[in-house]
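Student: Below is the structure, and that's it, no one-letter string:
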């Protein structure tokens, strides 16, 4: 009996060890070598970011002189990206950005991938802030999302004037939606085609817009009224200096999205629209939009958007629901790609690398906005800013904040001139802010 008991104990120990070994997860890794192409200069020391599309984990390595770098990471599906800004003539700059998506890394295997760098001229006009996620209603239970706005900013010391200035949105409307615009090897079908598809309809200023140096223009998207009268956490747009998207004759006449603007906003500040898709309101996403600021050349915005030769269809299928217009990339002045924090593993890019090489995360329904980071070195070098810059910025959300530490809005109130970061890469240029600056 004693020998039998000892045998049972030994068997139990063996089974425990065996099961433990079987249950232990095996972690497998592979390597990927990424090479940058498209630039002839010294490519050493450039940061390449590798993002695991499934887990969201991010790895960063630097390139050698040939523009090559190697990662050793857990197997999975990845996206690689990089950015650089270089001086051009005068005060202009070019951004060089590149993205390579759908990189499959397999266990024990060496994978090769290339990032083609794309060049784009950096404009003095930027999207300073985008507020589109809405806020909580006063009952603390429901949300209110009909108070969107976008703020433009002249990021220079010279006046900026623009004719035919337009807003559009990328397709599909949400970054987390099924996107059928990718090829099997992970590239957007229109990458390299020289255009950006803009979906559903466009808005444009009816006359020349001139912005003074280091100044902004507020453009209401939905709800150009004092929304705080019913929703205290919302925004008051009853300001004669503000512009608004209001053109019911265009077909965008849904009163919930586009109530009659406040009487203090002059009708000359009403933007015009062209609807080429379906719907009675401009359906800018409240969770993860991509917004495009562009300027038509040698054609009016209306004629451009109504020309059927410019049509393109999101995901295929020639119907009005999917209809876009092809905006030439050289017309694009600025653009922002927003990913939803609620769908971290599902978001994919809609803008190509030469338009925007990155993305910025946003949580909606909390009154948060997307805000541009301060270019610390350029701002601190302005002699008029001595003693006027306010540091200790604390309005970022979690790990998303302005790395400069400069509180731009507080500094502006003290008379400072702010120069914002602009590399055509939303990951580098923008952060999630706790509240829209118009609420301060």
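Tutor: Received the coordinates, thanks. Owing to the predicted nature of the structure, the values given are computational and were not obtained by experimental measurement. Residues are numbered from 1 along each chain as shown.

Student: Report the secondary structure state of the residue lying closest to residue 262 once chain neighbours are set aside.
Tutor: Sequence neighbours aside, residue 238 is the residue nearest to residue 262 in space, at 3.8 Å (criterion: CB to CB, 6 or more residues apart in numbering). In this view, the C-beta of every residue, glycine as well, is placed from N, C-alpha and C. What DSSP: H, G, I helix; E, B strand; the rest coil gives for residue 238 is coil.

Student: Residue 227 is in contact with residue 238, correct?
Tutor: No. With contact taken as CB atoms under 8 Å, residue 238 and residue 227 are classed as non-touching, separated by 9.2 Å.

Student: Neighbour count for those two, which is higher?
Tutor: Using other CB atoms under 10 Å, the more surrounded residue of residue 238 and residue 227 is residue 227, with 22 against 17.

Student: OK, contacts around that one?
Tutor: Neighbour list for residue 227: 144, 146, 147, 234, 235, 236, 237 [criterion: CB atoms under 8 Å, 6 or more residues apart in numbering].

Student: Can you get me a residue count around the fifth one?
Tutor: It stands for residue 235. Neighbours of residue 235 (other CB under 10 Å): 25.

Student: pretty sure it contacts residue 147?
Tutor: Yes. Between residue 235 and residue 147 there is a contact under CB under 8 Å: 5.2 Å.

Student: Identify the contacts common to the two.
Tutor: Residues touching both residue 235 and residue 147 (CB under 8 Å, 6+ apart): 131, 227.

Student: Now the phi/psi pair for residue 280, please.
Tutor: phi -110, psi 20 (degrees, to the nearest 10).

Student: The residue nearest to residue 262 and residue 185, how far apart?
Tutor: Distance of residue 238 to residue 185, given as CB to CB, to the nearest Å: 51 Å.

Student: One more: residue 305?
Tutor: The separation that residue 305 has from residue 185, given CB to CB, amounts to 32 Å.

Student: Between the two, which is the more surrounded one?
Tutor: Higher neighbour count among residue 305 and residue 185: residue 305, with 23 against 11, using other CB under 10 Å.

Student: what helix or strand is that one on?
Tutor: helix 301-306 (DSSP states H and E).

Student: Which residues does that helix contact?
Tutor: 164, 166, 201, 202, 204, 272, 274, 276, 296, 310, 325.

Student: per-residue pLDDT, the residue nearest to residue 262?
Tutor: What the model reports as pLDDT for residue 238 is 98.

Student: Also residue 367?
Tutor: Looking at residue 367, the pLDDT reads 98.

Student: need the contact list for it.
Tutor: With CB under 8 Å, 6+ apart, residue 367 has these contacts: 133, 134, 135, 136, 233, 434, 435, 436, 439.

Student: Can you redo the contacts of residue 227 as CSV, where the extra columns are secondary structure and distance to residue 179?
Tutor: As requested, the contacts of residue 227 are arranged in CSV below (DSSP: H, G, I helix; E, B strand; the rest coil; distance: CB to CB, whole Å):
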residue, secondary structure, distance to residue 179
144, strand, 28
146, coil, 26
147, coil, 28
234, coil, 31
235, coil, 31
236, strand, 36
237, coil, 33
